[in-house]
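Enquirer: A structural model of the following input is requested.
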Amino acid sequence: MFFQQFKVEGLGCYSYLIGCPTEGVACVVDPERHVERYLDVAQKHGMRITDIFDTHLHADHVTGSQELAAQTGAKIHIHPAIEAQYPHETVSDGQRFRFGAAEIEIIETPGHTPNSVSLAVTDHARSEDVEALLTGDLLFVGDVGRPDLAGDDLLEQQVQNLYDSLYHKLSRFPDWTEVYPAHGEGSLCGKGMSSKPMTTLGFERRNNPLLKDMPFEEFRRVMTAAFQVRPDNFAVMVEKNRKGPALLKETAAFTRLPADRVEQAVRNGAKLVDVRDQVAFGAAFLPGSINIGMRPDSVNWLGMVVEAASEIIIIADNGTDAREAAFRFRRAGYDKLTGYLADGVSGWAMQGKQLDHLPQLTPTGLTHVLDKYDDHVVLDVRTDAEWQAGHVQGAVHHPISDLIQNGTDLPRQRHITAVCGSGYRSNIAGSFLKSLGYEHVFSLIGGMTAWNATRRTV
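Expert: Below you'll find the model as predicted:
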C-alpha cells in the first residue's frame, strides 16, 4: 500500500493519497484546492487517481475535490447529508472501497458536523487488521473536533454525537491503530491541537483528557465552553463546498494594476489588503488598506476582516509576494482577486498620491507617551487568556475578533496604541481602526513580548 500525508501550513489542513502502485490506482482524501502535488506524486509512483473522499463539509478551506475530479475524472464520495449540488456518489456506514492492496471502510462519525465520516484503512499486503484511521475532524492529535460549526440549534445534538462517535464508534479499534486527522496545529477546528502529524488511539486514550473515559456530563461541560472565534468566511466556504467551488481556471485573472485602475476599483468597493510586514506598512500605506502580513496563518486573519465575496487588490513589495498571497487566499474561497498594485507603495508615492501611516511605538516610546498624556488609550487586542496572564497597566481590553465584529465606542479623536503579543494583530487592529476613520492610531512594535522584556505588567 502507498500512503502519503500532505499538509497546508498555517491552515493546518492534512490530506492523504492512498493507493497501490502494483495495481496503479489511488484515491485522495480531503484534497486542498491546489491539486498539483497529488497529481505529481501519483504519476511518480505509477498510479491513477480514481476516487476522492471528503470526510465532511469543510468550513475552513475550499475543497479540491472539484479541481481534482476535473483533471482526473475521479469519482467524488461524500456523506448524503451534505446535500452536495455537484456530481458525486454518497457513502454509507460500513461501505468498502478497494485500491489494490489498500482498502477503505466508511465509518459514520458525526459530531464535528452532522455529515462527518472517518475512514478505516487496511493494507492487505501486510495484514487483514485495520492499520490506520483517517478521523477527519472527529479526533485530532491531542484534541477533538469542535461541535459548534453546524449552528447553535444543533449544538446539544452534536455534542452527544461527538461523544458517541469517539467512545462507541471507535471502540472496536485496538490501541495500536494509527490516527491521521484532517487538521493539525494552526487549524481553528479545535482548541489545542498538537504539532505532531499523527498519533495512535492508545496514546490518545491515555493522554487526551477528552478521550480518557470522561463521563458524558463532564464532556458536555467542556465541549460547550467557549470556542475559538469563527472567521466570517467560514459560512461562505461551507456554501461554496456544498455547491461545488469554481475551478481555478474559471476564477478572475490576477494581474498587475496601474494606480488609476486601483483607484477606480476602490471607488467601486474593492478592498485593499496589504501583505507587507508591520514596519513597512506602518511607514506608509494606501488609505483604507488592511494589513494582513504574510504569515502561514494569514488566511485565518483575512477571514475575520474581509468578506470572502469582496473584490480584493493586494499591496505587496513585489509581484512574487502578491502572487503567493493570492495563491494562499484562494484556498479560503477568495476568488475575486483582481490583481496587485504595480510598482507598490513607492510607485504610488512617486505619482504624488495620498498615503497614510501607522506609527510603530517601541516600549520606551509608549512609556514616554503614557507619562506625558493621561488620555492616551492602550488597546489590548489579545485573547482573554493572554490578557489575564499580564497586560499594560491601565490598558483597555478589546479582543481583536470582537473589535472587528462590533467596532469600539472609543471617540475617534482619541489617541490609541494597539497592543498584541508580537505586533502582528495590533497592526491588523490599527489598520482596521484607521479604515473606520480613527486618525491617531499607533501600534506597539514587538507587542507584549517586547514590553515584558523591558517593562512591568499587571
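Enquirer: For stretch 284-299, measure first residue to last.
Expert: End-to-end distance for stretch 284-299: 23 Å, by CA to CA, to the nearest Å.
Enquirer: Would you mind listing the buried residues in that stretch?
Expert: 285-286, 289-293, 295, 297-299 (16 or more other CB atoms under 10 Å). All C-beta spots, glycine's among them, are computed from the backbone N, C-alpha and C.
Enquirer: And stretch 72-88, by the same measure?
Expert: Across stretch 72-88, burial judged by 16+ other CB under 10 Å covers 72, 74-79, 82, 84, 88.
Enquirer: Report the two of the buried residues of stretch 284-299 separated the most.
Expert: Within the buried residues of stretch 284-299, two members stand farthest from each other by CB to CB: 286 and 297, at 23.8 Å.
Enquirer: State the mean pLDDT of stretch 80-95.
Expert: Across stretch 80-95, pLDDT averages out at 95.
Enquirer: What separates the first and last residues of it, distance-wise?
Expert: First-to-last distance for stretch 80-95 - CA to CA - comes to 13 Å.
Enquirer: Tell me how far that stretch lies from the chain's centre.
Expert: In terms of CA atoms, centre = their mean, to the nearest Å, the centre of stretch 80-95 is set 25 Å apart from its chain centre.
Enquirer: With stretch 115-122 instead?
Expert: The chain centre lies 22 Å from the centre of stretch 115-122; the measure is CA atoms, centre = their mean.
Enquirer: Buried residues of it, list them for me.
Expert: The neighbour-count check on stretch 115-122 (16+ other CB under 10 Å) flags 115-122 as buried.
Enquirer: just the residues you listed: which has the poorest pLDDT?
Expert: Among those, residue 115 has the weakest pLDDT, 90.
Enquirer: mean confidence score for stretch 417-427?
Expert: 95.
Enquirer: Any chance you could give me that stretch in PDB, C-alpha atoms only?
Expert: Output of stretch 417-427 as PDB, limited to C-alpha atoms (Å, rounded to 0.1, in the frame of the first residue of the first chain):
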ATOM      1  CA  THR A 417      -2.000  52.400  20.700                       C
ATOM      2  CA  ALA A 418      -3.000  48.900  19.700                       C
ATOM      3  CA  VAL A 419      -1.100  46.100  21.500                       C
ATOM      4  CA  CYS A 420      -1.000  42.300  20.900                       C
ATOM      5  CA  GLY A 421       1.500  39.600  21.500                       C
ATOM      6  CA  SER A 422       4.100  40.300  18.800                       C
ATOM      7  CA  GLY A 423       2.800  43.300  16.800                       C
ATOM      8  CA  TYR A 424       1.000  41.300  14.100                       C
ATOM      9  CA  ARG A 425      -2.500  41.500  15.400                       C
ATOM     10  CA  SER A 426      -2.000  45.100  16.600                       C
ATOM     11  CA  ASN A 427      -1.200  46.100  13.000                       C
END
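Enquirer: circling back: which one of the buried residues of stretch 284-299 sits closest to residue 352?
Expert: Minimum distance to residue 352 across the buried residues of stretch 284-299 is 13.4 Å, recorded for residue 286 (CB to CB).
Enquirer: nearest spatial neighbour of that closest one, skipping sequence neighbours?
Expert: Using CB to CB, 6 or more residues apart in numbering and skipping the chain neighbours, the partner closest in space to residue 286 is residue 272 (5.5 Å).
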